[in-house]
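# sequence plus the predicted model coming up.
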Amino acid sequence: MATQGQSLSLDQAVQQASKLNQAGRLQDAHALLSQVLKKAPKNAVALQQMSIVLHKAGKTAEAITHIEKAIKIRKNEAAFLSMAGEMHRTIGNLDKAIEYGKKAVALKPNVPAFLSNLGVAYFDNGDLELAENFHAKALGTDPHYIPSLNNLGGIAQARHQLAKAKGFYDKALALNPNHFGTLNNLGALLTEQRQPEAAIDILAKAINLNPRRAIAHCNIGFALFAMEQFEKAKLGFDEALKLDPRSIKATLGLTNYYLEKRQTAEALALILPLQKANPANAELLYTLGNLHRESGMYKLALSNYDDAITLDPTLSACIVAKSEALIELGKTEQAEALLISVISIDESHYGARLALARVRSATDGDTNVKWLSTKLKSLSNQSESAAIPLHFVLGKCHDDLGNYDLAFEHYLAGCSLKRKRIKYSMHEHRENIGEIKALFSKEFILRHGNCGDPSNTPIFIVGMPRSGTSLVEQIIASHPEVYGAGELHYLGSMADKNQTDYPQSIREFECDDFTHLGRTYISELNKYSEVATRTTDKMPANFRFLGLIHLALPNAKIIHIQRNPIDTCLSGFSKSFRSGQHQSYDLKELGQYYTDYHELMAHWRVVLPKGSFYDVQYEDLVADTEKQARQLIEYCGLPWDDTCLNFHKTERSVKTASVTQVRKPIYTSSVERWRAYEQHLGPLFEGLGDLAPK
């Protein structure tokens, strides 16, 4: 056989092809092996080598055809059998993978690679005990066999034995610091342990070693997602799916990205066909539950969670998500019992302990608070993602206990870490507010005054975050004719048009444009309820759009809730918001944001017709709830209903930071709460300027 001017025997040609294969020259190896097989179609070694080339090229089905031809020629070649099993495993033919793997081990019971491959097949088939057994046997023959050390780490990780898993990974990397599989698994583990900062360094090394492996791109996507670098995370998921379009994990990551962006239609389009094709995948059901929960479909969400937990009782993230859904539905006792049951099984369950601390008030000697405090002390400097929620939760616990200086210390630490992660400019915000005021002059509003959709369905509830918007919505939504839709993002999305930010996006609007925007908004709003005559939208930041609402929806009701500026800002500073509210993590910036909001509301009072919106003072609402509630309902044009005074008993979901407060009767302890923190609030007073106490 001739190659590059040399004449090779068949055996020499096969050996040369093997070298080409190892060097990554797959096309050259394929060409040479094709020549061999043309002359000797029953050359078993050539068939085996061709199967390797095809498998590496992503043509695994064709590779299996070749290796199975080789097996027919050499039935007792254990290496061929093990290789066939591994190829079947990679395309999901697990029964075949196990069948071939068992035959290989029966022929050669002391070869670590054959034992390990069979262990991996059992792992993929969900049989962790048998998987562990075969990897242990592999290490019995070779204690330094890295693939089995790595895979035993994966088994421990699947059992949520994270410290044990890390022990196996550390042993493997001590033997080979550049072992791709172990680096990849360790990166995923560190993200699970809420150490994504450390995970990114590990996963970047894995990607540099093998940039064609989809799983590492996927895992770095999850690490970036945990650090709230969502656009960078999406790049990781996209690259993973480009390399492996069938990757369930990468699809889950991209689904979570769309969920974070509240693009539920895109998320559902990704996950529904995948879940239908993989009905026994607990992670898919868990994610589908999160999507249904975000869409307000709680019955479906709880059903998804229950099905996922039935399939995998160890899926603790799903159990915590179910408890959070129950809290949002006002079923706090059920949620608390569920979290306690999780902790009774795994006392170190981080997510369950955080959720439990959020849902109940801390008491003296609280063992959960002690555990969380110890956990925080044990964290390294690379564990910022774990430290952030711990600081906010411990701040809340110490506030419950009256330890205000210690509570503030935790709030400040949590906010400082959070602020490092986000991009926010108070100067750009002030400029944007100035642009809104400049555009929405009295003249502009008069010129477009006879436009808009005539619907009176919307009731907008606006104000600063943590000012009482949730309380006002809960009162109004308790009325039988009202549906409480919560914080909707439609208006902001519609205002930012054609990649142009509001208000410049509407500078050239004509009457028809305002009418179209209003009609589009109503069509979205009507999807929430077919029976309610009114629907609330309590997105606080809609205070920026009062002029736009007046022109696009002239018959909508707008309720503006205001609260003591220092209580409002302190309440925001003490919360870690799921998304947005970037102004909340620095006291001076928060004070400046409040000042901007206050000035814009004053502008609306000047340029909008009298009575365009209704002002409510939070302190008046909690001092005389019935009087204020009656006035609210009257303003909305609705007949009075006594259920509006029993708002804390209303069965509806609440997903905001006020989720637990609105389930309680009116309380006044939040009035003048800032006095306990006064000595720490200098930067806030500076930001508030003239609005600060004298």
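Perfect, thanks for sending it. Numbering: from 1, shown residues only.

# can you list the neighbours in contact with the helix or strand where Ile459 lies?
When secondary structure is defined using DSSP states H and E, the element that contains Ile459 is strand 458-462. Contacting residues not belonging to strand 458-462 are listed as 469, 472-473, 476, 482, 521-522, 525, 534-543, 546, 549, 553, 556-561, 613, 636 [CB atoms under 8 Å, 6 or more residues apart in numbering]. Where C-beta positions appear, they are placed from N, C-alpha and C, glycine not excepted.

# list the helices and strands the lengthiest helix in the chain packs on?
Of all the elements of type helix in the chain, the one with the most residues (DSSP state H) is helix 587-607. Other elements packing on helix 587-607 under the criterion 3 or more CB pairs under 8 Å, 6 or more residues apart in numbering; DSSP states H and E are helix 426-439, helix 442-447, helix 546-552, helix 565-573, helix 682-688.

# drop anything exposed from the contacts of strand 458-462.
Among the contacts of strand 458-462, those classed as buried by neighbour count (16 or more other CB atoms under 10 Å) are 469, 472-473, 476, 482, 521-522, 525, 534-543, 546, 549, 553, 556-561, 613, 636.

# residues near Asn21, how many?
Using other CB atoms under 10 Å, Asn21 has 20 other residues around it.

# how about it: what's its closest non-neighbour residue?
Of all residues not flanking Asn21 in the chain, Ala29 sits nearest, at 4.3 Å (CB to CB, 6 or more residues apart in numbering).

# which helix or which strand is home to the one you found?
Under DSSP H and E, the secondary-structure element containing Ala29 is helix 26-39.

# which strands and helices sit next to that helix?
Contact here means 3+ CB pairs under 8 Å, 6+ apart; on that basis helix 26-39 packs against helix 10-22, helix 44-56.

# most tightly surrounded among those?
Per-residue neighbour counts averaged over each of the helices and strands packed on helix 26-39 give the maximum for helix 44-56, namely a mean of 23 (mean count of other CB atoms under 10 Å).

# other SSEs contacting that helix?
Secondary structure elements in contact with helix 44-56, counted by 3+ CB pairs under 8 Å, 6+ apart, are helix 10-22, helix 26-39, helix 60-73, helix 78-90.

# now distance to Ser416 and mean pLDDT too, for these, in CSV please.
As requested, the helices and strands packed on helix 44-56 are arranged in CSV below (distance: least, CB to CB, whole Å; pLDDT from 0 to 100):
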stretch, distance to Ser416, mean pLDDT
helix 10-22, 51, 86
helix 26-39, 51, 89
helix 60-73, 50, 94
helix 78-90, 46, 95
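
# against Gly167, how distant is the residue nearest the centre of the chain?
A centroid search over the chain (CA atoms, centre = their mean) returns Asn256, at 5.1 Å, as the residue closest to the centre. For Asn256, the distance to Gly167 under the criterion CB to CB, to the nearest Å works out to 29 Å.

# same question, Ser425
45 Å.

# circling back: among the contacts of strand 458-462, which are in strands?
Counting by DSSP state E, those place Val482, Arg534, Thr535, Thr536, Asp537, Lys557, Ile558, Ile559, His560, Ile561 in strands.

# tell me where the protein has strands.
Ranges of strands within the chain are 2-3, 6-7, 458-462, 482-484, 534-537, 557-562, 614-617, based on DSSP E.

# buried residues in the longest helix of the chain, which are they?
In helix 587-607, counting by 16+ other CB under 10 Å, buried: 587, 589-598, 600-601, 603-604, 607.

# out of those, which is nearest to Ala17?
Ranking those by separation from Ala17, with CB to CB as the measure, puts Glu589 on top at 64.5 Å.

# tell me the contacts of the closest one?
Neighbour list for Glu589: Tyr424, Met426, Gln583, Gly687 [criterion: CB under 8 Å, 6+ apart].

# which ChimeraX command selects the buried ones in these?
In ChimeraX, a selection of the buried entries from the contacts of Glu589 looks like this (16+ other CB under 10 Å):
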select :426,583,687
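
# okay, the contacts of Glu589 in a markdown table with pLDDT and distance to Gly365 next?
As requested, the contacts of Glu589 are exported to a markdown table (pLDDT from 0 to 100; distance: CB to CB, whole Å):
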| residue | pLDDT | distance to Gly365 |
| --- | --- | --- |
| Tyr424 | 91 | 39 |
| Met426 | 93 | 42 |
| Gln583 | 93 | 37 |
| Gly687 | 96 | 38 |
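
# got TSV for the contacts of Glu589, with distance to Pro465 too?
Putting those into TSV (distance: CB to CB, whole Å) gives the following:
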residue	distance to Pro465
Tyr424	14
Met426	16
Gln583	9
Gly687	15
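
# quick check: of the contacts of Glu589, which lies closest to Asp127?
The shortest approach to Asp127 among the contacts of Glu589 belongs to Tyr424, at 49.6 Å (CB to CB).

# report how many residues lie close to the residue nearest to that closest one when sequence neighbours are not counted.
Distances taken as CB to CB, 6+ apart place His582 nearest to Tyr424, at 3.8 Å, with adjacent residues excluded. Neighbour count for His582, taken as other CB under 10 Å: 19.

# right, and His582 touches Ser425 too?
No - the criterion here is CB atoms under 8 Å, and His582 misses it with Ser425 at 9.3 Å.

# ok, which of the strands of the chain comes nearest Gln504?
The stretch from the strands of the chain with the least distance to Gln504 (CB to CB) is strand 458-462; that distance is 21.4 Å.

# ok so, going back, just the pLDDT for the residue nearest to Tyr424.
Among the per-residue scores, His582 shows a pLDDT of 91.

# same check on His648?
At His648 the predicted local confidence, pLDDT, stands at 66.

# ok, now the one 4 residues further on?
In this prediction, Arg652 carries a pLDDT score of 44.

# same question for Ile666.
In this model, Ile666 is scored at 56, pLDDT.

# ok, back up a step: buried ones in the helix holding Ala29, by neighbour count?
Applying 16+ other CB under 10 Å to helix 26-39 flags Asp28, Ala29, His30, Leu32, Leu33, Gln35, Val36, Leu37 as buried.

# need the residues that contact that helix.
Contacts with helix 26-39, where a contact means CB under 8 Å, 6+ apart, come from 1, 3, 10, 13-14, 16-18, 20-21, 43, 46-47, 49-50, 53-54, 56-57.

# try 10 Å this time
Counting by CB atoms under 10 Å, 6 or more residues apart in numbering, the neighbours of helix 26-39 from elsewhere in the structure are 1-4, 8, 10-11, 13-14, 16-23, 25, 43, 45-54, 56-57, 59, 66, 69.

# kind regards, and thank you for your time.
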